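1. Sequence plus predicted model, see below.
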Amino acid sequence: MELELRHLRLIVTVAEQGSVTRAASALGLSQPALTAQLNRIDKTFGAAVFTRDQRGARPTALGEFVLGRAKVLLPAMAALVEDAHRIVAGTQVRTRSVRVGTASTALGGLFVNRLISELDVEVTSVTLPDVDGVSDQLASGSLDVGLVGLCGTAEPPVVDGVRWSRVSTDPVFVLVPDDHPLAARPMVTLGDLADAEWFGVTGAGCFQRCFVTACARAGFTPGKVSEADRAACVDLVRAGHGVALVQPTFPDTPGVSVVPLAGAPLVWAHHVGWRDESAALPVAGVVDAAAGAHAEAVSRSSPRFVDWLTPRA
């Protein structure tokens, strides 16, 4: 027997239902007919895809492997058929493929979503460790578009053939545990946190230098300063090990509170970039998608950021 897509659909259904009886009902087959199909599939692979007993049907190691591939192949085939129907019907099919790189930004997912939905393109995305990497790959043609975050006083690297547009400039807020004495305040100063251990202070660009300078202006030298990614910051702050500097679009998260810093002593900016010779996307559409991603992030952010923005609107 040659394996067909219908066999993969059958395997997925059995795994989802957890039993041959329920899967047969969902597929509109008799249980003996489904069992016979499964036996033929097992024979084709040379081993059992499911362990079947009175407790139901559970994927074997082979079954997990097959399920993983099936969950890729079935949607891909469905998309192929859908696009073919659209071609026959005379509607446009996405033919443009865009390579997007992001670094030091919380807007990457929202930006990619908007490129796909608003500009009707296929997107391949990659997260890079720093802004220089995004700029270099734009210049080399490995990327078509980039979205990066930088300390608000800095600008993206100047590279021939690459253009940048500033999307937004936001204040940097502080993340504290919910039970912190300052958590309920509408705003705090850096000086209020002079004795804190700090997380999330990236060493890329000038941000660390700007942070230390801001602390000096507030009358103190920060103690221990550690770099940490977003997930680590939340865990460390929630556990009471320190406070973290975060982008203001940070959403409400159980156990931690986002508090504005008085006077906005630190700022973070987002920039969108593209290659001059890239014809993959209209520049205006790229810039609009980046601005829309920021606006969407603001709408989902902590209410304290919305409150902070209101008098400045």
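-> Received the coordinates, thanks. Residues are numbered from 1 along each chain as shown.

2. Would you tell me what helix or strand Ala57 is located in?
-> Remark: Ala57 resides in strand 56-59, with elements defined by DSSP states H and E.

3. Let me know the next secondary structure element after that strand.
-> helix 61-88.

4. For that following helix, the averaged confidence score.
-> Helix 61-88 comes out with an average pLDDT of 81.

5. C-terminal to that helix, what's the next element?
-> Using DSSP H and E, the next helix or strand after helix 61-88 towards the C-terminus is strand 97-103.

6. List the contacts of that next one.
-> 108, 111-112, 115, 119, 121-131, 133-134, 137-138, 142-149, 280-281 (CB atoms under 8 Å, 6 or more residues apart in numbering). Just so you know, the C-beta spots here come from the backbone N, C-alpha and C atoms, and that holds for glycine as well.

7. Please flag which of those residues sit within strands.
-> Among the contacts of strand 97-103, the residues falling in strands (DSSP state E) are Glu122, Val123, Thr124, Ser125, Val126, Thr127, Val145, Gly146, Leu147, Val148, Gly149.

8. Tell me how many other residues crowd the last one.
-> To tie it back to what came earlier, the one meant is Gly149. 25 (other CB atoms under 10 Å).

9. so who does it touch?
-> Contacts of Gly149 (CB under 8 Å, 6+ apart): Ala103, Ser104, Thr105, Ala106, Leu107, Val131, Gln247, Trp268, Ala269, His270, His271.

10. Next up, phi/psi of the fourth one, please.
-> Going back to what we said before, that points to Ala106. phi -90, psi 10 (degrees, to the nearest 10).

11. ok, it - how many residues close by?
-> 21.

12. Please enumerate the helices of the stretch 201-313 of the chain.
-> Secondary structure of the stretch 201-313 of the chain (DSSP state H, counting those that start in this stretch): helices at 207-217, 230-238, 283-300, 303-309.

13. Would you mark the buried spots in the last one?
-> So the one you mean is helix 303-309. Using 16 or more other CB atoms under 10 Å as the test for burial, helix 303-309 gives Arg304, Phe305, Trp308.

14. same question, stretch 187-194
-> Buried residues in stretch 187-194 (16+ other CB under 10 Å): Met187, Val188, Thr189, Leu190, Asp192, Leu193.

15. residues in contact with the residue nearest to the third one when sequence neighbours are not counted?
-> Of all residues beyond its chain neighbours, the one nearest Thr189 is Ala262 (4.8 Å), with distances taken as CB to CB, 6 or more residues apart in numbering. Applying CB under 8 Å, 6+ apart, one finds that Ala262 lies in contact with Met187, Val188, Thr189.

16. With Trp198 instead?
-> By CB under 8 Å, 6+ apart, Trp198 lies in contact with Phe211, Pro222, Gly223, Lys224, Val225, Ser226, Gly242, Val243, Ala244, Leu245.

17. ok, now Gly263?
-> Thr189.

18. what does Phe45 give?
-> Going by CB under 8 Å, 6+ apart, the list of residues near Phe45 reads Leu62, Val66.

19. how about a cut-off of 7 Å?
-> Each residue near Phe45 by CB atoms under 7 Å, 6 or more residues apart in numbering is listed here: Leu62.

20. Return the backbone torsion pair for it.
-> phi -80, psi -20.

21. what secondary structure does Asp170 sit in?
-> strand (DSSP: H, G, I helix; E, B strand; the rest coil).

22. phi, psi of the spatially closest residue to Asp132 that is not a sequence neighbour?
-> Spatial nearest neighbour of Asp132, chain neighbours left out: Pro157 (5.9 Å); criterion: CB to CB, 6+ apart. Per-residue torsions, Pro157: phi -60, psi 140 (degrees, to the nearest 10).

23. hang on, isn't Pro157 packed against Ser135?
-> Yes: applying CB atoms under 7 Å, one finds Pro157 in contact with Ser135, separated by 4.4 Å.

24. Who has more neighbours out of the two?
-> Between Pro157 and Ser135, Ser135 has the larger neighbour count (other CB under 10 Å), namely 24 against 17.
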